[in-house]
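Engineer: this one's structure only:
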(Lines give C-alpha, C1' and ligand atoms only; values in the text may rest on other atoms or scores of the structure.)
Protein backbone atom coordinates (compact mmCIF):
# COMPACT_ATOMS: atom_id res chain seq x y z
CA UNK A 1 0.00 0.00 0.00
CA UNK A 2 1.37 3.39 -0.95
CA UNK A 3 1.81 6.05 1.66
CA UNK A 4 -0.93 8.73 1.78
CA UNK A 5 0.56 12.14 1.07
CA UNK A 6 -2.61 14.25 0.93
CA UNK A 7 -5.83 13.58 2.73
CA UNK A 8 -9.03 15.64 2.73
CA UNK A 9 -11.41 14.63 5.51
CA UNK A 10 -14.95 15.97 5.12
CA UNK A 11 -13.72 19.37 3.94
CA UNK A 12 -16.18 22.22 3.32
CA UNK A 13 -15.20 25.74 2.34
CA UNK A 14 -16.88 29.06 1.57
CA UNK A 15 -15.51 32.59 1.24
CA UNK A 16 -17.80 34.03 3.90
CA UNK A 17 -20.89 33.31 5.90
CA UNK A 18 -23.25 34.84 3.39
CA UNK A 19 -21.50 33.13 0.46
CA UNK A 20 -22.44 29.75 -0.98
CA UNK A 21 -20.34 26.68 -0.22
CA UNK A 22 -17.56 26.29 -2.79
CA UNK A 23 -16.60 22.84 -1.48
CA UNK A 24 -19.09 20.53 0.17
CA UNK A 25 -17.93 17.70 2.38
CA UNK A 26 -15.05 16.55 0.19
CA UNK A 27 -13.03 13.52 1.21
CA UNK A 28 -10.26 11.95 -0.83
CA UNK A 29 -6.65 10.80 -0.60
CA UNK A 30 -3.64 11.17 -2.88
CA UNK A 31 -0.68 8.80 -2.57
CA UNK A 32 3.05 9.31 -2.87
CA UNK A 33 4.43 9.38 -6.42
CA UNK A 34 0.91 9.34 -7.83
CA UNK A 35 -0.18 11.41 -10.85
CA UNK A 36 -3.66 12.82 -10.34
CA UNK A 37 -5.77 15.02 -12.59
CA UNK A 38 -8.57 17.14 -11.15
CA UNK A 39 -11.18 18.22 -13.69
CA UNK A 40 -14.49 20.04 -13.50
CA UNK A 41 -16.29 23.08 -14.89
CA UNK A 42 -15.12 26.56 -13.86
CA UNK A 43 -16.41 27.21 -10.37
CA UNK A 44 -16.62 23.50 -9.52
CA UNK A 45 -14.10 23.92 -6.71
CA UNK A 46 -10.94 22.50 -8.29
CA UNK A 47 -8.70 25.50 -7.71
CA UNK A 48 -10.05 25.89 -4.18
CA UNK A 49 -8.77 22.38 -3.47
CA UNK A 50 -5.30 23.44 -4.59
CA UNK A 51 -5.35 26.59 -2.44
CA UNK A 52 -6.45 24.58 0.61
CA UNK A 53 -3.54 22.17 0.16
CA UNK A 54 -0.89 24.75 0.91
CA UNK A 55 -2.80 26.92 3.32
CA UNK A 56 -3.64 29.83 1.02
CA UNK A 57 -7.18 29.15 2.27
CA UNK A 58 -8.46 27.29 5.34
CA UNK A 59 -11.64 25.19 5.46
CA UNK A 60 -14.55 26.05 7.78
CA UNK A 61 -15.23 22.36 8.28
CA UNK A 62 -13.15 19.20 8.11
CA UNK A 63 -9.43 18.60 8.11
CA UNK A 64 -6.63 18.51 5.56
CA UNK A 65 -3.58 16.39 6.25
CA UNK A 66 -0.41 16.80 4.18
CA UNK A 67 2.33 14.25 4.69
CA UNK A 68 1.02 13.38 8.16
CA UNK A 69 0.59 17.01 9.32
CA UNK A 70 -2.71 18.83 9.69
CA UNK A 71 -2.82 22.12 7.73
CA UNK A 72 -3.14 24.94 10.29
CA UNK A 73 -1.87 28.52 10.66
CA UNK A 74 1.06 27.08 12.66
CA UNK A 75 2.00 24.38 10.20
CA UNK A 76 1.69 26.23 6.88
CA UNK A 77 5.35 27.24 6.66
CA UNK A 78 6.43 23.63 6.97
CA UNK A 79 3.66 22.47 4.67
CA UNK A 80 4.62 24.92 1.95
CA UNK A 81 8.02 23.21 1.80
CA UNK A 82 6.20 20.04 0.83
CA UNK A 83 3.64 21.55 -1.54
CA UNK A 84 4.84 23.44 -4.61
CA UNK A 85 2.39 25.22 -6.87
CA UNK A 86 2.57 26.58 -10.41
CA UNK A 87 -0.27 28.89 -11.42
CA UNK A 88 -1.92 29.75 -14.73
CA UNK A 89 -0.38 33.06 -15.68
CA UNK A 90 3.36 32.84 -16.38
CA UNK A 91 3.72 36.62 -16.00
CA UNK A 92 2.39 36.76 -12.45
CA UNK A 93 4.93 34.45 -10.85
CA UNK A 94 8.27 36.17 -11.44
CA UNK A 95 10.12 38.11 -8.78
CA UNK A 96 13.75 37.82 -9.88
CA UNK A 97 15.52 39.97 -12.47
CA UNK A 98 17.19 36.91 -13.98
CA UNK A 99 16.13 33.31 -14.24
CA UNK A 100 18.61 32.18 -11.58
CA UNK A 101 17.57 34.96 -9.18
CA UNK A 102 14.04 33.81 -9.54
CA UNK A 103 14.89 30.22 -8.71
CA UNK A 104 16.98 31.48 -5.75
CA UNK A 105 14.14 33.55 -4.29
CA UNK A 106 12.23 30.71 -2.65
CA UNK A 107 15.44 29.24 -1.25
CA UNK A 108 16.59 32.58 0.18
CA UNK A 109 13.31 32.82 2.07
CA UNK A 110 14.05 29.48 3.62
CA UNK A 111 17.60 30.36 4.63
CA UNK A 112 19.31 27.79 2.47
CA UNK A 113 23.13 28.14 2.33
CA UNK A 114 24.71 29.73 -0.71
CA UNK A 115 26.68 26.68 -1.88
CA UNK A 116 23.61 24.53 -1.63
CA UNK A 117 21.56 27.17 -3.48
CA UNK A 118 24.02 27.24 -6.37
CA UNK A 119 23.89 23.47 -6.60
CA UNK A 120 20.11 23.41 -6.58
CA UNK A 121 19.79 26.18 -9.18
CA UNK A 122 22.02 24.13 -11.41
CA UNK A 123 20.13 20.91 -10.83
CA UNK A 124 16.61 22.25 -11.15
CA UNK A 125 17.29 24.43 -14.19
CA UNK A 126 18.84 21.48 -16.00
CA UNK A 127 15.91 19.27 -14.91
CA UNK A 128 13.55 21.62 -16.77
CA UNK A 129 15.95 22.18 -19.69
CA UNK A 130 16.53 25.88 -18.94
CA UNK A 131 20.16 25.86 -17.80
CA UNK A 132 21.43 27.96 -20.67
CA UNK A 133 18.95 30.71 -19.74
CA UNK A 134 20.15 31.16 -16.14
CA UNK A 135 21.22 34.76 -16.73
CA UNK A 136 18.32 35.68 -19.02
CA UNK A 137 15.77 38.28 -17.95
CA UNK A 138 12.38 36.62 -17.45
CA UNK A 139 10.51 38.94 -19.84
CA UNK A 140 12.63 37.63 -22.71
CA UNK A 141 11.28 34.10 -22.28
CA UNK A 142 8.27 32.58 -24.00
CA UNK A 143 5.25 31.59 -21.90
CA UNK A 144 6.28 27.94 -21.92
CA UNK A 145 9.84 28.76 -20.86
CA UNK A 146 8.52 30.94 -18.04
CA UNK A 147 6.38 28.10 -16.76
CA UNK A 148 9.39 25.76 -16.86
CA UNK A 149 11.33 28.27 -14.74
CA UNK A 150 8.35 28.44 -12.37
CA UNK A 151 8.52 24.64 -12.06
CA UNK A 152 12.30 24.88 -11.38
CA UNK A 153 11.73 27.49 -8.64
CA UNK A 154 9.26 25.16 -6.97
CA UNK A 155 11.50 22.08 -7.35
CA UNK A 156 14.41 23.90 -5.69
CA UNK A 157 12.50 23.67 -2.39
CA UNK A 158 12.36 19.86 -2.80
CA UNK A 159 8.59 19.55 -2.47
CA UNK A 160 6.89 16.17 -2.27
CA UNK A 161 3.79 17.42 -4.04
CA UNK A 162 3.72 19.47 -7.23
CA UNK A 163 0.42 21.15 -8.11
CA UNK A 164 -0.13 22.57 -11.60
CA UNK A 165 -3.20 24.83 -11.44
CA UNK A 166 -4.12 25.22 -15.12
CA UNK A 167 -0.43 25.88 -15.67
CA UNK A 168 -0.61 25.15 -19.40
CA UNK A 169 -3.82 27.08 -20.16
CA UNK A 170 -2.06 30.16 -21.54
CA UNK A 171 0.58 28.29 -23.56
CA UNK A 172 0.68 27.37 -27.22
CA UNK A 173 0.61 23.66 -28.16
CA UNK A 174 4.39 23.34 -28.19
CA UNK A 175 4.68 25.06 -24.80
CA UNK A 176 2.06 22.68 -23.39
CA UNK A 177 3.79 19.55 -24.62
CA UNK A 178 7.18 20.77 -23.36
CA UNK A 179 5.99 21.56 -19.86
CA UNK A 180 4.10 18.28 -19.48
CA UNK A 181 7.13 16.28 -20.67
CA UNK A 182 9.34 18.17 -18.23
CA UNK A 183 6.98 17.65 -15.34
CA UNK A 184 6.46 13.94 -16.04
CA UNK A 185 10.23 13.45 -16.15
CA UNK A 186 10.90 15.24 -12.86
CA UNK A 187 8.02 13.41 -11.22
CA UNK A 188 9.74 10.13 -12.08
CA UNK A 189 13.17 11.29 -11.00
CA UNK A 190 12.07 12.80 -7.70
CA UNK A 191 9.17 10.55 -6.78
CA UNK A 192 6.77 13.46 -6.50
CA UNK A 193 3.03 13.35 -6.29
CA UNK A 194 1.74 15.36 -9.22
CA UNK A 195 -1.65 17.07 -9.13
CA UNK A 196 -2.75 18.56 -12.45
CA UNK A 197 -5.80 20.81 -12.45
CA UNK A 198 -6.77 21.16 -16.08
CA UNK A 199 -9.28 21.26 -18.92
CA UNK A 200 -6.76 19.72 -21.32
CA UNK A 201 -7.89 16.22 -22.12
CA UNK A 202 -4.42 15.05 -23.14
CA UNK A 203 -3.17 15.90 -19.66
CA UNK A 204 -6.09 14.04 -18.11
CA UNK A 205 -5.40 10.91 -20.15
CA UNK A 206 -1.81 10.88 -18.85
CA UNK A 207 -2.88 10.75 -15.19
CA UNK A 208 -3.15 7.54 -13.19
CA UNK A 209 -6.34 8.66 -11.53
CA UNK A 210 -8.87 11.42 -12.15
CA UNK A 211 -10.98 13.29 -9.62
CA UNK A 212 -14.02 14.88 -11.23
CA UNK A 213 -15.51 17.85 -9.40
CA UNK A 214 -19.03 19.12 -9.94
CA UNK A 215 -20.67 21.98 -8.04
CA UNK A 216 -18.30 21.72 -5.09
CA UNK A 217 -18.59 17.98 -4.59
CA UNK A 218 -16.59 15.00 -5.79
CA UNK A 219 -18.58 13.60 -8.67
CA UNK A 220 -16.34 10.66 -9.45
CA UNK A 221 -12.87 9.32 -8.80
CA UNK A 222 -11.37 6.65 -11.09
CA UNK A 223 -8.80 5.81 -13.77
CA UNK A 224 -9.08 7.93 -16.96
CA UNK A 225 -10.34 4.90 -18.91
CA UNK A 226 -13.28 4.45 -16.55
CA UNK A 227 -14.00 8.17 -16.34
CA UNK A 228 -14.18 8.62 -20.11
CA UNK A 229 -16.48 5.61 -20.42
CA UNK A 230 -19.18 7.80 -18.84
CA UNK A 231 -19.57 10.02 -21.88
CA UNK A 232 -23.14 11.21 -21.60
CA UNK A 233 -22.80 11.98 -17.88
CA UNK A 234 -19.58 13.94 -18.41
CA UNK A 235 -21.21 16.05 -21.10
CA UNK A 236 -24.13 16.70 -18.79
CA UNK A 237 -21.82 18.29 -16.20
CA UNK A 238 -20.21 20.49 -18.87
CA UNK A 239 -17.07 18.49 -19.63
CA UNK A 240 -15.60 17.29 -22.89
CA UNK A 241 -14.52 13.80 -23.80
CA UNK A 242 -11.41 13.01 -25.85
CA UNK A 243 -11.66 12.44 -29.60
CA UNK A 244 -10.92 8.72 -29.22
CA UNK A 245 -13.78 8.28 -26.73
CA UNK A 246 -16.20 10.29 -28.92
CA UNK A 247 -15.27 8.28 -32.03
CA UNK A 248 -15.60 4.98 -30.12
CA UNK A 249 -19.10 5.99 -29.14
CA UNK A 250 -20.04 6.71 -32.77
CA UNK A 251 -18.42 3.47 -33.97
CA UNK A 252 -20.54 1.50 -31.53
CA UNK A 253 -23.64 3.33 -32.74
CA UNK A 254 -22.66 2.36 -36.31
CA UNK A 255 -22.63 -1.26 -35.20
CA UNK A 256 -18.89 -1.83 -34.85
CA UNK A 257 -18.09 -3.62 -31.61
CA UNK A 258 -15.56 -1.73 -29.46
CA UNK A 259 -15.09 -3.85 -26.38
CA UNK A 260 -12.34 -2.18 -24.41
CA UNK A 261 -12.59 1.58 -23.84
CA UNK A 262 -9.65 2.97 -25.83
CA UNK A 263 -7.54 5.84 -24.46
CA UNK A 264 -5.38 6.61 -27.49
CA UNK A 265 -5.21 6.10 -31.25
CA UNK A 266 -3.17 2.88 -31.03
CA UNK A 267 -5.65 1.23 -28.70
CA UNK A 268 -8.64 2.21 -30.83
CA UNK A 269 -6.94 1.00 -34.04
CA UNK A 270 -6.20 -2.29 -32.28
CA UNK A 271 -9.88 -2.60 -31.33
CA UNK A 272 -10.89 -1.91 -34.93
CA UNK A 273 -8.38 -4.49 -36.18
CA UNK A 274 -9.94 -7.11 -33.91
CA UNK A 275 -13.52 -6.34 -34.93
CA UNK A 276 -12.47 -6.20 -38.59
CA UNK A 277 -11.18 -9.76 -38.46
CA UNK A 278 -14.54 -10.85 -37.00
CA UNK A 279 -16.71 -8.97 -39.50
CA UNK B 1 -15.31 44.96 -45.34
CA UNK B 2 -12.58 43.43 -47.50
CA UNK B 3 -9.16 43.32 -45.91
CA UNK B 4 -5.98 43.42 -47.98
CA UNK B 5 -2.34 43.32 -46.90
CA UNK B 6 0.07 44.31 -49.69
CA UNK B 7 3.71 43.47 -48.96
CA UNK B 8 3.40 44.59 -45.36
CA UNK B 9 6.44 44.64 -43.10
CA UNK B 10 6.55 45.93 -39.56
CA UNK B 11 9.76 46.67 -37.73
CA UNK B 12 9.84 47.30 -33.99
CA UNK B 13 12.37 49.88 -32.75
CA UNK B 14 13.48 50.71 -36.27
CA UNK B 15 16.91 52.31 -36.71
CA UNK B 16 18.12 51.07 -33.33
CA UNK B 17 20.33 48.08 -32.50
CA UNK B 18 17.15 46.40 -31.19
CA UNK B 19 15.31 46.60 -34.54
CA UNK B 20 13.20 43.50 -34.99
CA UNK B 21 11.04 42.57 -37.96
CA UNK B 22 7.77 41.23 -36.56
CA UNK B 23 6.03 41.02 -39.95
CA UNK B 24 7.93 40.42 -43.17
CA UNK B 25 6.54 41.14 -46.62
CA UNK B 26 3.09 39.81 -45.78
CA UNK B 27 0.34 39.77 -48.42
CA UNK B 28 -3.15 38.30 -48.21
CA UNK B 29 -6.74 39.09 -49.10
CA UNK B 30 -9.73 38.42 -46.86
CA UNK B 31 -13.08 38.91 -48.65
CA UNK B 32 -15.90 40.59 -46.77
CA UNK B 33 -18.18 38.20 -44.86
CA UNK B 34 -15.68 35.34 -44.54
CA UNK B 35 -14.45 33.57 -41.42
CA UNK B 36 -10.66 33.35 -41.42
CA UNK B 37 -8.43 31.59 -38.89
CA UNK B 38 -4.91 32.92 -38.36
CA UNK B 39 -2.63 30.29 -36.85
CA UNK B 40 0.97 30.47 -35.77
CA UNK B 41 3.33 30.01 -32.90
CA UNK B 42 4.13 32.47 -30.16
CA UNK B 43 6.28 35.07 -31.89
CA UNK B 44 4.98 34.30 -35.38
CA UNK B 45 3.59 37.82 -35.81
CA UNK B 46 -0.08 37.25 -35.02
CA UNK B 47 -0.36 40.04 -32.45
CA UNK B 48 1.35 42.56 -34.71
CA UNK B 49 -0.99 41.57 -37.53
CA UNK B 50 -4.01 42.24 -35.29
CA UNK B 51 -2.68 45.66 -34.35
CA UNK B 52 -2.65 46.63 -38.03
CA UNK B 53 -6.31 45.75 -38.43
CA UNK B 54 -7.59 48.69 -36.43
CA UNK B 55 -4.71 51.03 -36.94
CA UNK B 56 -3.01 50.62 -33.57
CA UNK B 57 0.16 50.40 -35.62
CA UNK B 58 0.83 51.31 -39.24
CA UNK B 59 3.03 49.25 -41.57
CA UNK B 60 6.74 50.15 -41.77
CA UNK B 61 6.53 49.10 -45.42
CA UNK B 62 3.67 48.16 -47.72
CA UNK B 63 -0.02 48.91 -47.46
CA UNK B 64 -3.02 47.72 -45.44
CA UNK B 65 -6.54 48.27 -46.83
CA UNK B 66 -9.55 47.78 -44.53
CA UNK B 67 -12.54 48.48 -46.75
CA UNK B 68 -11.70 51.96 -48.06
CA UNK B 69 -9.37 52.83 -45.20
CA UNK B 70 -5.76 52.86 -46.33
CA UNK B 71 -2.85 52.56 -43.92
CA UNK B 72 0.78 53.03 -44.93
CA UNK B 73 3.91 54.27 -43.22
CA UNK B 74 3.19 57.89 -44.16
CA UNK B 75 -0.52 57.83 -44.52
CA UNK B 76 -3.39 57.22 -42.15
CA UNK B 77 -7.08 57.74 -42.79
CA UNK B 78 -8.46 61.13 -41.64
CA UNK B 79 -11.17 59.33 -39.79
CA UNK B 80 -9.18 56.79 -37.82
CA UNK B 81 -11.94 56.88 -35.20
CA UNK B 82 -14.42 55.54 -37.74
CA UNK B 83 -12.06 52.72 -38.63
CA UNK B 84 -11.84 51.72 -34.96
CA UNK B 85 -15.59 51.91 -34.74
CA UNK B 86 -15.94 49.44 -37.59
CA UNK B 87 -13.22 46.98 -36.58
CA UNK B 88 -13.89 45.41 -33.19
CA UNK B 89 -10.95 43.68 -31.57
CA UNK B 90 -11.44 41.24 -28.71
CA UNK B 91 -7.95 40.97 -27.24
CA UNK B 92 -6.70 38.04 -25.17
CA UNK B 93 -8.26 37.89 -21.71
CA UNK B 94 -10.44 40.93 -22.48
CA UNK B 95 -11.92 40.80 -18.98
CA UNK B 96 -8.68 42.34 -17.72
CA UNK B 97 -9.75 45.54 -19.44
CA UNK B 98 -13.02 46.03 -17.58
CA UNK B 99 -12.97 49.16 -15.46
CA UNK B 100 -16.40 50.73 -15.05
CA UNK B 101 -18.61 50.68 -11.95
CA UNK B 102 -21.40 48.72 -13.56
CA UNK B 103 -21.76 46.20 -16.35
CA UNK B 104 -24.02 48.63 -18.20
CA UNK B 105 -21.53 51.49 -18.09
CA UNK B 106 -18.74 49.22 -19.25
CA UNK B 107 -20.70 48.02 -22.27
CA UNK B 108 -21.83 51.58 -23.08
CA UNK B 109 -18.35 53.09 -22.85
CA UNK B 110 -17.45 52.53 -26.53
CA UNK B 111 -20.61 53.87 -28.16
CA UNK B 112 -20.59 56.84 -25.74
CA UNK B 113 -17.13 57.77 -27.01
CA UNK B 114 -18.32 57.42 -30.57
CA UNK B 115 -21.10 59.96 -29.80
CA UNK B 116 -24.02 57.59 -30.06
CA UNK B 117 -27.20 59.10 -28.57
CA UNK B 118 -28.30 58.05 -25.09
CA UNK B 119 -31.47 56.33 -26.37
CA UNK B 120 -29.55 54.37 -28.96
CA UNK B 121 -27.02 53.32 -26.35
CA UNK B 122 -29.80 52.03 -24.07
CA UNK B 123 -31.23 49.94 -26.89
CA UNK B 124 -27.88 48.64 -28.02
CA UNK B 125 -26.82 47.62 -24.53
CA UNK B 126 -30.02 45.62 -24.07
CA UNK B 127 -29.78 43.99 -27.48
CA UNK B 128 -26.12 43.03 -27.04
CA UNK B 129 -26.56 41.83 -23.48
CA UNK B 130 -28.98 39.20 -24.72
CA UNK B 131 -26.80 38.35 -27.74
CA UNK B 132 -23.81 37.52 -25.57
CA UNK B 133 -26.01 35.53 -23.20
CA UNK B 134 -25.85 37.76 -20.13
CA UNK B 135 -28.95 38.01 -17.92
CA UNK B 136 -30.29 41.60 -17.82
CA UNK B 137 -30.25 41.61 -14.00
CA UNK B 138 -26.47 41.85 -14.18
CA UNK B 139 -26.49 45.28 -15.87
CA UNK B 140 -26.54 47.17 -12.56
CA UNK B 141 -23.87 44.99 -10.93
CA UNK B 142 -20.15 45.66 -10.74
CA UNK B 143 -18.36 43.67 -13.47
CA UNK B 144 -15.80 42.61 -10.86
CA UNK B 145 -18.41 40.60 -8.92
CA UNK B 146 -19.08 38.30 -11.87
CA UNK B 147 -17.58 34.91 -12.72
CA UNK B 148 -14.67 34.76 -15.18
CA UNK B 149 -16.90 33.61 -18.04
CA UNK B 150 -19.45 36.37 -17.38
CA UNK B 151 -16.73 39.02 -17.18
CA UNK B 152 -15.45 37.93 -20.55
CA UNK B 153 -18.96 38.24 -21.99
CA UNK B 154 -19.24 41.79 -20.64
CA UNK B 155 -15.92 42.70 -22.27
CA UNK B 156 -17.02 41.19 -25.58
CA UNK B 157 -20.36 43.01 -25.35
CA UNK B 158 -18.37 46.23 -24.98
CA UNK B 159 -16.61 45.54 -28.28
CA UNK B 160 -19.84 44.56 -30.03
CA UNK B 161 -21.66 47.64 -28.77
CA UNK B 162 -19.83 49.72 -31.37
CA UNK B 163 -21.54 47.51 -34.02
CA UNK B 164 -18.36 46.61 -35.89
CA UNK B 165 -18.33 45.12 -39.42
CA UNK B 166 -15.09 43.29 -38.77
CA UNK B 167 -14.64 41.21 -35.64
CA UNK B 168 -11.12 40.20 -34.65
CA UNK B 169 -10.88 37.51 -31.96
CA UNK B 170 -7.54 36.81 -30.29
CA UNK B 171 -7.80 33.41 -28.56
CA UNK B 172 -11.28 34.23 -27.29
CA UNK B 173 -11.82 30.95 -25.42
CA UNK B 174 -8.52 30.74 -23.52
CA UNK B 175 -9.07 29.86 -19.87
CA UNK B 176 -12.75 28.96 -20.23
CA UNK B 177 -14.02 25.49 -19.36
CA UNK B 178 -15.16 23.16 -22.17
CA UNK B 179 -18.82 24.17 -22.03
CA UNK B 180 -17.86 27.85 -21.88
CA UNK B 181 -15.60 27.38 -24.92
CA UNK B 182 -18.36 25.78 -27.01
CA UNK B 183 -20.91 28.40 -26.00
CA UNK B 184 -18.52 31.25 -26.78
CA UNK B 185 -17.59 29.92 -30.23
CA UNK B 186 -21.22 29.13 -31.07
CA UNK B 187 -22.12 32.69 -30.12
CA UNK B 188 -19.47 34.14 -32.47
CA UNK B 189 -20.54 31.79 -35.27
CA UNK B 190 -24.18 32.87 -34.93
CA UNK B 191 -23.24 36.56 -34.97
CA UNK B 192 -20.94 36.02 -37.91
CA UNK B 193 -23.77 34.51 -39.92
CA UNK B 194 -26.63 36.72 -38.78
CA UNK B 195 -24.83 40.03 -39.08
CA UNK B 196 -22.67 39.21 -42.08
CA UNK B 197 -19.49 40.05 -40.17
CA UNK B 198 -16.00 39.55 -41.46
CA UNK B 199 -14.49 37.45 -38.69
CA UNK B 200 -10.81 36.84 -38.00
CA UNK B 201 -10.00 34.24 -35.37
CA UNK B 202 -6.47 34.05 -34.02
CA UNK B 203 -6.02 30.65 -32.45
CA UNK B 204 -3.66 27.83 -31.51
CA UNK B 205 -6.42 25.30 -31.87
CA UNK B 206 -6.42 23.36 -35.13
CA UNK B 207 -9.73 21.87 -34.00
CA UNK B 208 -11.36 25.31 -33.83
CA UNK B 209 -9.86 26.33 -37.16
CA UNK B 210 -11.35 23.35 -39.03
CA UNK B 211 -14.62 23.63 -37.16
CA UNK B 212 -15.36 27.33 -37.70
CA UNK B 213 -13.19 28.87 -40.40
CA UNK B 214 -13.60 28.75 -44.17
CA UNK B 215 -10.10 30.08 -44.78
CA UNK B 216 -6.83 29.69 -42.87
CA UNK B 217 -3.59 31.67 -42.91
CA UNK B 218 -0.55 30.16 -41.21
CA UNK B 219 2.15 32.55 -40.08
CA UNK B 220 5.76 31.72 -39.35
CA UNK B 221 8.41 34.20 -38.31
CA UNK B 222 6.27 37.09 -39.48
CA UNK B 223 5.70 35.73 -42.97
CA UNK B 224 2.82 33.87 -44.56
CA UNK B 225 3.72 30.19 -44.51
CA UNK B 226 0.55 28.62 -45.89
CA UNK B 227 -2.94 29.75 -46.90
CA UNK B 228 -6.10 28.08 -48.16
CA UNK B 229 -9.13 26.05 -47.20
CA UNK B 230 -8.82 24.38 -43.78
CA UNK B 231 -9.14 20.82 -45.13
CA UNK B 232 -6.35 21.49 -47.64
CA UNK B 233 -3.90 23.35 -45.40
CA UNK B 234 -4.44 21.58 -42.11
CA UNK B 235 -3.85 18.09 -43.51
CA UNK B 236 -0.25 18.79 -44.58
CA UNK B 237 1.54 17.07 -41.77
CA UNK B 238 5.21 17.55 -42.73
CA UNK B 239 4.76 21.20 -43.63
CA UNK B 240 2.98 21.92 -40.33
CA UNK B 241 5.52 19.98 -38.25
CA UNK B 242 8.18 22.11 -39.83
CA UNK B 243 6.72 25.15 -38.01
CA UNK B 244 5.97 23.24 -34.79
CA UNK B 245 2.27 22.86 -35.53
CA UNK B 246 0.31 19.66 -35.89
CA UNK B 247 -2.66 18.45 -37.90
CA UNK B 248 -6.03 18.19 -36.11
CA UNK B 249 -6.43 15.01 -34.08
CA UNK B 250 -8.98 13.55 -36.51
CA UNK B 251 -6.50 13.88 -39.38
CA UNK B 252 -3.86 12.10 -37.29
CA UNK B 253 -6.27 9.28 -36.65
CA UNK B 254 -7.35 8.99 -40.29
CA UNK B 255 -3.70 8.83 -41.38
CA UNK B 256 -2.93 6.09 -38.87
CA UNK B 257 -6.07 4.21 -39.89
CA UNK B 258 -5.24 4.41 -43.60
CA UNK B 259 -1.77 3.08 -42.90
CA UNK B 260 -2.96 0.18 -40.79
CA UNK B 261 -5.84 -0.88 -43.03
CA UNK B 262 -4.24 -0.02 -46.37
CA UNK B 263 -7.25 1.97 -47.46
CA UNK B 264 -7.49 5.73 -47.54
CA UNK B 265 -10.34 7.68 -45.99
CA UNK B 266 -10.39 11.29 -47.23
CA UNK B 267 -10.62 14.11 -44.69
CA UNK B 268 -13.43 16.52 -45.46
CA UNK B 269 -14.06 18.05 -42.03
CA UNK B 270 -16.48 15.24 -41.25
CA UNK B 271 -18.11 14.76 -37.86
CA UNK B 272 -17.15 11.80 -35.66
CA UNK B 273 -20.44 10.14 -36.66
CA UNK B 274 -19.64 10.51 -40.37
CA UNK B 275 -16.14 9.15 -39.84
CA UNK B 276 -17.57 6.17 -37.95
CA UNK B 277 -19.79 5.26 -40.88
CA UNK B 278 -16.88 5.67 -43.33
CA UNK B 279 -14.77 3.36 -41.17
CA UNK B 280 -17.63 0.88 -41.18
CA UNK B 281 -17.67 0.94 -45.00
CA UNK B 282 -13.96 0.19 -45.14
CA UNK B 283 -14.18 -2.63 -42.62
CA UNK B 284 -17.17 -4.22 -44.38
CA UNK B 285 -15.53 -3.96 -47.80
CA UNK B 286 -12.35 -5.50 -46.45
CA UNK B 287 -14.39 -8.33 -44.92
CA UNK B 288 -15.96 -9.21 -48.29
CA UNK B 289 -12.61 -9.54 -50.05
CA UNK B 290 -11.48 -12.26 -47.72
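Structural biologist: That came through, no problem. In this text the structure is predicted, and so the values were computed from the model without any measurement.

Engineer: which strands and helices sit next to the longest helix along chain A?
Structural biologist: Longest helix of chain A, by residue count under DSSP state H: helix A:173-190. Other elements packing on helix A:173-190 under the criterion 3 or more C-beta pairs under 8 Å, 6 or more residues apart in numbering or on different chains; DSSP states H and E are helix A:114-127, helix A:143-155, strand A:161-165, strand A:193-197, helix A:201-206. Using the backbone N, CA and C atoms, a C-beta is placed for each residue, glycine as well.

Engineer: Could you rerun that using 7 Å?
Structural biologist: The contact analysis (3 or more C-beta pairs under 7 Å, 6 or more residues apart in numbering or on different chains; DSSP states H and E) places helix A:173-190 against helix A:143-155.

Engineer: Residue A:6 should be in a strand, yeah?
Structural biologist: Yes: assessed by DSSP: H, G, I helix; E, B strand; the rest coil, residue A:6 belongs to a strand.

Engineer: Which strand residues bridge it?
Structural biologist: Legend: beta-bridge partners of residue A:6 under DSSP bridges are residue A:30, residue A:66.

Engineer: Could I get the average pLDDT for the longest helix of chain A?
Structural biologist: Per-residue pLDDT over helix A:173-190 has a mean of 85.

Engineer: list the buried ones in it?
Structural biologist: By 16 or more other C-beta atoms under 10 Å in any protein chain shown, the buried positions in helix A:173-190 come out as A:173, A:174, A:175, A:176, A:177, A:178, A:179, A:180, A:182, A:183, A:186, A:187.

Engineer: Got the domain ranges for the chain?
Structural biologist: Just so you know, I chose chain A. Domain assignment for chain A by automatic domain parsing gives A:4-98+A:158-234, A:242-279.

Engineer: my question was about chain B
Structural biologist: B:3-245, B:248-290.

Engineer: Residues of chain A that sit close to chain B?
Structural biologist: A:41-43, A:142-143, A:169-170, A:172-174, A:199, A:238-240, A:243, A:246-247, A:250-251, A:253-256, A:265, A:269, A:272-273, A:276, A:279 (C-beta under 7 Å from any C-beta of the partner chain).

Engineer: by how many degrees do the longest helix of chain A and helix A:143-155 diverge?
Structural biologist: 20 degrees (axes from the mean of the first three to the mean of the last three C-alpha atoms, to 10 degrees).

Engineer: a markdown table for the domains of chain A, including distance to residue A:124?
Structural biologist: Shown next, in a markdown table, are these (distance: least, C-beta to C-beta, whole Å):
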| stretch | distance to residue A:124 |
| --- | --- |
| domain A:4-98+A:158-234 | 8 |
| domain A:242-279 | 31 |
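
Engineer: Which one, of those, ends up nearest to residue B:170?
Structural biologist: Closest approach to residue B:170 among the domains of chain A is made by domain A:4-98+A:158-234 (12.4 Å; C-beta to C-beta).

Engineer: Could you tell me the end-to-end distance of that closest one?
Structural biologist: Separation of the first and last residues of domain A:4-98+A:158-234 by C-alpha to C-alpha, to the nearest Å is 28 Å.

Engineer: Could you do stretch A:204-211 as well?
Structural biologist: Stretch A:204-211 has an end-to-end distance of 10 Å (C-alpha to C-alpha).

Engineer: Flag every buried residue along that stretch.
Structural biologist: Of all the residues in stretch A:204-211, those buried under the rule 16+ other C-beta under 10 Å are A:204, A:205, A:206, A:207, A:209, A:210, A:211.

Engineer: I'd like the mean pLDDT over it, please.
Structural biologist: Per-region confidence: stretch A:204-211 scores 95 on mean pLDDT.

Engineer: which residue packs closest to residue A:264, ignoring adjacent ones?
Structural biologist: Of all residues not flanking residue A:264 in the chain, residue A:244 sits nearest, at 6.2 Å (C-beta to C-beta, 6 or more residues apart in numbering or on different chains).

Engineer: among the domains of chain B, where is the model least confident on average?
Structural biologist: domain B:248-290 (a mean of 89).

Engineer: what about that one and chain A, touching?
Structural biologist: Yes: applying C-beta under 7 Å from any C-beta, one finds domain B:248-290 in contact with chain A at B:249-250, B:252-253, B:256-257, B:260, B:272-273, B:275-277, B:279-280, B:283-284, B:286-287.

Engineer: Kindly supply the PyMOL command isolating those of the residues you listed that are buried.
Structural biologist: What follows is the PyMOL syntax for the buried subset of the residues of domain B:248-290 next to chain A, where burial is set by 16+ other C-beta under 10 Å:
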select buried, chain B and resi 249+250+253+257+272+275+276+277+279+280+283
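
Engineer: Among the residues of domain B:248-290 next to chain A, which are located in helices?
Structural biologist: If you go by DSSP H, the residues of domain B:248-290 next to chain A have B:249-250, B:252-253, B:256-257, B:260, B:272-273, B:275-277, B:279-280, B:283-284, B:286-287 in helices.

Engineer: quick one, helices of the stretch 151-290 of chain B?
Structural biologist: Secondary structure of the stretch 151-290 of chain B (DSSP state H, counting those that start in this stretch): helices located at B:178-194, B:206-212, B:230-233, B:237-242, B:249-261, B:272-289.
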